[in-house]
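In: Sequence and computational prediction follow.
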Amino acid sequence: MQIPTFTTISQRPFHPLGGIINYTFHRFKPFSPTKHFPIHFHFHSLKAAITTHHEPVVVVDDNEPRFVDIGYVSGVHGFQGDVRVKPNTDFPELRFSTPGRRWLKQKVMGGENVQEIELEEGREHSGQNCWILKFSGIDSAEEAKILIGATLLVTEEDRPELEEGEFYTHDLNGMRVFMKENGKLLGTVINVFNNGANDLLQISLDSSFDVLDKNGKPKPEEIEASGQLVLVPFVEAIVPDVDMNRREMHITPPKGLLELNLRFDDRSKKERRQLEWKERKKFQKRLIAAKKKLREMDQQHVFHGFQCGEKEQWSLLSDQIVGVNSRLLQEALQSLEQPANRWNAAELVSAMEEKRIRTVQISERSLLTGSKTKLVRNIINMKEKGVELISNGKMAIVLLLKEKENEGCIYDPEVVENEATETSTLHMLQNLLSDHEKFVKVNDRVSVPLILVSSAQQIQSLRNLFTRNNHFAFDSEKVWFLEEEKLPVVSSSLEGQNKYKILMKSPWEILQSPVGSGGFISLFSKHSITDNLINMGVEYLELCCPCERSVGGNSLLVGLVDAREAKIGIQISPTIADPDENFDMILSMEFVKKLTKQSYKLRFDATAKTNSFIESVDKDWVTVTSSTPNSYELSCSVYSSLNACPLDKVCIVEVRE
């Protein structure tokens, strides 16, 4: 058995510098406690492909120099005073291999001190995502240990000079934004965010700017737009002109972009503050309840991150804890501890061969040639019945979207009209929704509720796509965008009697993985989707993982389920390479409601994976890596719903060439 390698990453509170150790650097005067503003600034070129660089600006005191956070001391390396530094910069070579002055920020007696130190040399520690640095005057491991947790800084004036047409996004804050087509003032840039694909300008609207509400109607005259926030991708196609001297930029946003997610609030400031206070109190109650659940599961190690870090990290950890679906996690772990038969595509085929499930075999050729056999006539009748159910709003469609691994962002902001890239899921979805021969007729779509489940990175792109295409003729009030369900990754070795340990990605972030297609049940419970659909008169739910050949709206399958009074209908085809990933299934809403109350009947799989994670050992954070599987990712297939359904209430359509 291979022993995992460990790397010490200590995030414990700072120790006061001075005392028993003689330091060779100059000490600034002690500063009073200050707030840390992690403002990202990035490096951009709008004339070519955008390059993003990351180094947060740190405001220590208005009367002192402004600093840039370039990393933190994570541990000691060897016995000669070398330290390991985790980088927080996109200029590691410049920051860590070039000798010269640096500064260390530490917490002292409730406040903060910033002290100068001399970097003698540095080298990259390959494979560990850190650098080994040697500071002047730090010559032993004991001296180096006192630096653990300190933030490494450089002055803001030390930023690399940029070429013409390149910008630090921190310098964009405060710039006025105008519409290029008419010169109207839109508002002011107040922040810049990075969503993985490109930077987003957060703009506070000016009160004079006329915008539409979410329904495309003019805002009420009594409501001002001042203070409303909009996000605009910082790309050349949308922001073609940036004038740093005049501190202004001109934009050409696509139709509907500014109105996306914009909400007008006619409440007074006092009412809004009261609402914010109530929301904070509500969140605190949820946090207390979530922590209690995790304690009951002996997972209190998740809270160790509250002992270090700053307010922003604590807030992230709180969100992570509240976001854990403890009930689903318990059911998943119980499923692992009580092995049982787990339905998947292979089990389904086996049941068909053993004639335990009713199966209708269809030849594509017989349908295309208009064969008049009894079977074909029955199929035509079932399709007609399915079309009737769909057109009357009796069926809702759930699209489970999964972006191919390493495929990148599904939204290409370089194009003003935002055509998706050739290889993306979004591009495929747009083509299929626009192909009226493969999907529900346009005239019927207004009656069909549509639920899209995707990763958090895709949600905004999906909203943009539907807004630009007028929701593809669907009723916007009947379209839901849901973030896929996730569960914590757990250790593969038991921590005691039948206890799996939740793994941490960082002291403030839980290591998680998507639940899979079976996670739609918990999403429906969380967002009360089932009751909403039933109130709309929906009787059937179609679950579909879109592929190039289909995107839902299976009239034949829903017609078959209705004719046979089945609870589950599944369409399979030998041409589908992976039936576990690409499927088309109909569930009766009666059965869906039963599943939301009996979710414990769903079975989970534990997939052994190799993951790097961290853990707290003697108040030090330790990174654990291994070349062999060391963790379990918990997943649930949509086929596991067969565990809760009698097989005589299941019907299969097998389409053969």
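Out: Ah, there it is.
In: Every contact and neighbour count from this point should use C-alpha atoms.
Out: Noted.
In: which non-adjacent residue is nearest the residue nearest the centre of the chain?
Out: Residue closest to the mean C-alpha point of the chain, counted by Cα atoms, centre = their mean, is A456 at 3.2 Å. Nearest residue to A456, sequence neighbours excluded (Cα to Cα, 6 or more residues apart in numbering): E483, at 5.4 Å.
In: Could you check how far the residue nearest to the centre of the chain is from L257?
Out: 19 Å (Cα to Cα, to the nearest Å).
In: shaky segments in the stretch 551-657 of the chain?
Out: 574-581, 657 (pLDDT under 70).
In: What are the boundaries of the strands in it?
Out: Along the stretch 551-657 of the chain, the segments classed as strands by DSSP state E, counting those that start in this stretch run 568-572, 584-588, 605-609, 613-617, 620-625, 631-635, 650-656.
In: will you turn these into TSV that also has distance to I132?
Out: Below are the strands of the stretch 551-657 of the chain laid out as TSV (distance: least, Cα to Cα, whole Å):
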stretch	distance to I132
strand 568-572	56
strand 584-588	53
strand 605-609	29
strand 613-617	19
strand 620-625	16
strand 631-635	29
strand 650-656	61
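In: how about a markdown table for those, with mean neighbour count and distance to K180 added?
Out: A markdown table is the format used below for those (neighbours: other Cα atoms under 10 Å; distance: least, Cα to Cα, whole Å):
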| stretch | mean neighbour count | distance to K180 |
| --- | --- | --- |
| strand 568-572 | 23 | 52 |
| strand 584-588 | 23 | 47 |
| strand 605-609 | 16 | 51 |
| strand 613-617 | 19 | 48 |
| strand 620-625 | 20 | 50 |
| strand 631-635 | 23 | 49 |
| strand 650-656 | 19 | 54 |
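In: Let me see the backbone angles for the residue nearest to A456.
Out: Main-chain dihedrals, E483, degrees, to the nearest 10: phi -80, psi 130.
In: residue contacts, it?
Out: By Cα atoms under 8 Å, 6 or more residues apart in numbering, E483 lies in contact with 453-456, 459.
In: List only buried entries from these.
Out: 453-455, 459 (16 or more other Cα atoms under 10 Å).
In: Next, format these as a markdown table and append distance to W508.
Out: A markdown table is the format used below for the buried ones among the contacts of E483 (distance: Cα to Cα, whole Å):
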| residue | distance to W508 |
| --- | --- |
| V453 | 26 |
| S454 | 24 |
| S455 | 21 |
| I459 | 24 |
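In: Just the ones of these in helices?
Out: I459 (DSSP state H).
In: Tell me which entries of the buried ones among the contacts of E483 lie within strands.
Out: In this view, the buried ones among the contacts of E483 that belong to strands under DSSP state E are 453-454.
In: so which of the buried ones among the contacts of E483 would you say is closest to K501?
Out: Nearest to K501 among the buried ones among the contacts of E483 is S455, at 24.6 Å by Cα to Cα.
In: So what's the residue count around the residue nearest to P514 when sequence neighbours are not counted?
Out: Distances taken as Cα to Cα, 6+ apart place K486 nearest to P514, at 4.3 Å, with adjacent residues excluded. K486 has 22 neighbours, counted by other Cα atoms under 10 Å.
In: again, but for R101
Out: R101 has 15 nearby residues by other Cα under 10 Å.
In: so how far is V349 from it?
Out: Taking Cα to Cα, one finds R101 at 68 Å from V349.
In: Could you list the low-pLDDT ranges of the stretch 51-200 of the chain?
Out: 51-65, 107-111, 127, 165, 194-197.
In: can you pull out the helices in it?
Out: Per DSSP state H, counting those that start in this stretch, the stretch 51-200 of the chain carries helices over the ranges 92-97, 141-145.
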